[in-house]
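S.K.: got a predicted structure here, sequence first:
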Amino acid sequence: MRLDIRLPLGALFALIGALLVVQGLFGGGATVQTAGINIDLWWGVAMAAFGGLMLALARRS
Amino acid sequence: MHLGLIDWAIMALYFAFVLGIGYVLRNSVRTSSDFFLSGRSIPAWVAGLAFISANLGAQEVMGMAASGAKYGIMTSHFYWIGAIPAMLFLAVFMMPFYYGSRARSVPEYLKMRFDEKTRGLNAITFAIMTVFSSGISMYAMGLLLNLLLGWSFDFSVWVCALIVLAYITLGGLTSAIYNEVLQFFMIVFGFLPLVLLGLHDVGGWAGLKHGLEQVATSHGYAAGAWSESWAHMGSTSANPMGVEWFGMAMGLGFVLSFGYWCTDFLIVQRAMAAESMSAARRAPVIASFPKMLFPFLVILPGMIAIVLHQAGGGFSLPAKADGSLNYDMTVPLMLQHYFPQGLLGVGITALMASFMAGMAGNVTAFNTVFTCDIYQAYIKRDAPDAHYLWVGRLATVGGIAASVAAAYLASRFNNIMDMLQLVFAFVNAPLFATFLLGMFWKRTTGHGAFFGLIIGTLAAAAHHGLTLPAGAIPGIKGGWIAITQHYPSEMAQNFWTAIWAWSASFVATILISLATKARPEAELKGLVYSLTERTSDGEKRWWMRPASLALVALGLTLMLNLVFR
């Protein structure tokens, strides 16, 4: 059975998202250039959520 | 550019996955069909995303942003006119022949429909162009990474070559397709925050429009020239691109775009790998939905950049030696301006992924055309399948080696990029006439196709040699025969070269076909529209039917054109 693309896709984005969240929480908060928005944190959550969604869809089939 | 540990970690993670996918897929490549065509088993959505990704190289991402800064929203024409209609046409009208004929490549379809010499001409020109294209991707990547990260040109080229070599040789087309899907989402997640942060910064769409009005008037155009895509196309002097609507619609919208999307094997190969006829026809339509939204992802950053540049303050585009702005630096500078470490890693990795996937796409197209249309056709005709699988892997090595050579050649001779653009235009425009006549007129013959192609290409060269864009020196830009016409911009000259090339090929193919012997109709079943039965796949759900899905896509694109006119 060939590899379902959603598995590596989901895993990659979940991991990158996690890294961004960690950077956002502990990385010194470089929010000056982004008008006070902790973009690493929020975007990390978004990417991790996307990764999770892909993994869930792959599991279901 | 200052990358932190997290950025390097993200980059390393991405490439580990790329290589890992190739490794995992190595066992599912058992036949040459697996290697060259993924065994025709790719789901429609995956084929669709790979379809659009194969076309979305980093040069397009960076080039579109640069155009967005230089020309404003008119750049969206490259998508809404210059891509969507052609993609939909390919899906609904041409895929039945590409997929139904069971051809393994575009040249192979030409062999089935016409004759050996037409196939040979297309195979050889395509093989050469695709290797150069690949080399230029590597060259552009080498330059950019040298500029942004300080990596040596050699290092970037060789590391890129080795990574692509590894995952293509192991996993074939499937590996390339899977990585293209990864690349697609990296681009979306890498650039969407740029758009969101940038729009927030300039005051939303209203603020952007206001800023663009300053830009337009300061360049001497009407206030809406940067923010309205159709309103200023009545004459070539009314807009910064220097084109008018007819040249744009016919040259770009019809000839160039159809010539590229409908005949370029790199793109069509992704749809040919689909798991069924329905999937193969739906893939380009599925691709059209993100494609129509991409202007907001890649063109907007450029428009935001020029507004920031105009407003003064912290952000500005550098000037080149001749005083004009270096628009090509738009994307790197925007990334640097808005992204903290972390997101910066995502953005840079997305760019690298695109360069690499662009190169990989060229390599998979090359190894298929070389093995099926050159090697099997002219060198060794009847060998067992395992032999061709082995040749395909060797061709991958050869193709990459040739690409590296092309990359170094491009670094020596700056004009190579311009030359390749030219050659593509000279070859693709006539080719579209050949396909159009081949698929929809049963009377078209092999002689007509072959000589029509040659005449079309010569007509393109002649038009280029006889005309010159304003402000250019005769030579690579044109006018090398004599100057009989000046065009206000290079783009206008390109569009009209394409129109002439297509028309010459169209007329020549018809005349020569009528003068030569027709093929018996029985041989053309399944290859021509009038001789192929229209089967219904029984699908009740409208979104699973290619034609209805295509109508929706067309409607949405029309709406986008209206909203941003």
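M.R.: All right, it came through fine.
S.K.: going by contacts, tell me the helices and strands next to the helix or strand of chain B with the lowest mean pLDDT.
M.R.: Ranked by mean pLDDT, DSSP states H and E, the weakest helix or strand in chain B is helix B:245-247, scoring a mean of 81. Judged by 3 or more Cβ pairs under 8 Å, 6 or more residues apart in numbering or on different chains; DSSP states H and E, helix B:245-247 is in contact with helix B:490-515. Bear in mind the C-beta positions are built from the backbone N, C-alpha and C, glycine included.
S.K.: okay, buried residues for the least confident helix or strand of chain B please.
M.R.: Neighbour-count burial for helix B:245-247 flags B:Gly247 (criterion: 16 or more other Cβ atoms under 10 Å in any protein chain shown).
S.K.: and it, how far out from the chain middle?
M.R.: In this view, helix B:245-247 has its centroid 22 Å away from the chain centroid, taken as Cα atoms, centre = their mean, to the nearest Å.
S.K.: setting aside sequence neighbours, what's the nearest residue to B:Leu422?
M.R.: B:His464 (6.8 Å; Cβ to Cβ, 6 or more residues apart in numbering or on different chains).
S.K.: please name the residues that touch the one you found.
M.R.: Listed by Cβ atoms under 8 Å, 6 or more residues apart in numbering or on different chains, the contact set of B:His464 reads B:Leu422, B:Phe426, B:Gly478, B:Trp480, B:Gln493, B:Thr497.
S.K.: same thing with B:Tyr327?
M.R.: By Cβ under 8 Å, 6+ apart, the contact set of B:Tyr327 is B:Ala66, B:Ser67, B:Ala69, B:Lys70, B:Gly302, B:Leu317.
S.K.: how does it look with 10 Å?
M.R.: Each residue near B:Tyr327 by Cβ atoms under 10 Å, 6 or more residues apart in numbering or on different chains is listed here: B:62-63, B:65-71, B:302, B:305-306, B:309, B:317-318, B:320.
S.K.: distance of the nearest residue to it once chain neighbours are set aside from B:Met334?
M.R.: Nearest residue to B:Tyr327 in three dimensions, chain neighbours excluded: B:Ala66, at 3.8 Å (Cβ to Cβ, 6+ apart). B:Ala66 sits 11 Å away from B:Met334, taking Cβ to Cβ, to the nearest Å as the criterion.
S.K.: overlap of the contact sets of the two?
M.R.: Here B:Ala66 and B:Met334 share the contacting residues B:Pro301, B:Gly302, B:Ala305, B:Leu317, scored by Cβ under 10 Å, 6+ apart.
S.K.: how far away is the residue nearest the centre of chain A from chain B?
M.R.: With distances taken as Cα atoms, centre = their mean, A:Gly17 lies nearest the centre of chain A, 2.2 Å away. Separation of A:Gly17 from chain B (Cβ to the nearest Cβ, to the nearest Å): 9 Å.
S.K.: contacts only, for that residue.
M.R.: By Cβ under 10 Å, 6+ apart, A:Gly17 lies in contact with A:Trp43, A:Gly44, A:Val45, A:Ala46, A:Met47, A:Ala48, A:Ala49, A:Phe50, A:Gly51, A:Gly52, B:Phe189, B:Val346.
S.K.: low-confidence ranges in the chain?
M.R.: All of this refers to chain A. For chain A, the stretches flagged by pLDDT under 70 are A:1, A:28-34.
S.K.: not quite, I wanted chain B
M.R.: Applying pLDDT under 70 to chain B flags the ranges B:535-538.
S.K.: change it to 80
M.R.: Along chain B, the parts satisfying pLDDT under 80 run over B:1, B:241-242, B:247-248, B:250-252, B:313, B:414-418, B:421, B:476, B:533-540, B:542-543.
S.K.: list the residues that contact residue 37.
M.R.: Just going to use chain A. For A:Ile37, the contact set (Cβ under 10 Å, 6+ apart) comprises A:Thr31, A:Trp43, B:Pro193, B:Leu196, B:Leu197, B:His200.
S.K.: hmm, I had chain B in mind actually
M.R.: Counted by Cβ under 10 Å, 6+ apart, B:Leu37 has contacts B:31, B:102, B:104-105, B:172-174, B:269, B:272-274, B:364, B:368, B:372.
S.K.: tell me which helix or strand it sits in.
M.R.: B:Leu37 is located in helix B:32-37, with elements delineated by DSSP states H and E.
S.K.: tell me how far B:Glu490 lies from B:Asp418.
M.R.: B:Glu490 is 9 Å from B:Asp418, by Cβ to Cβ.
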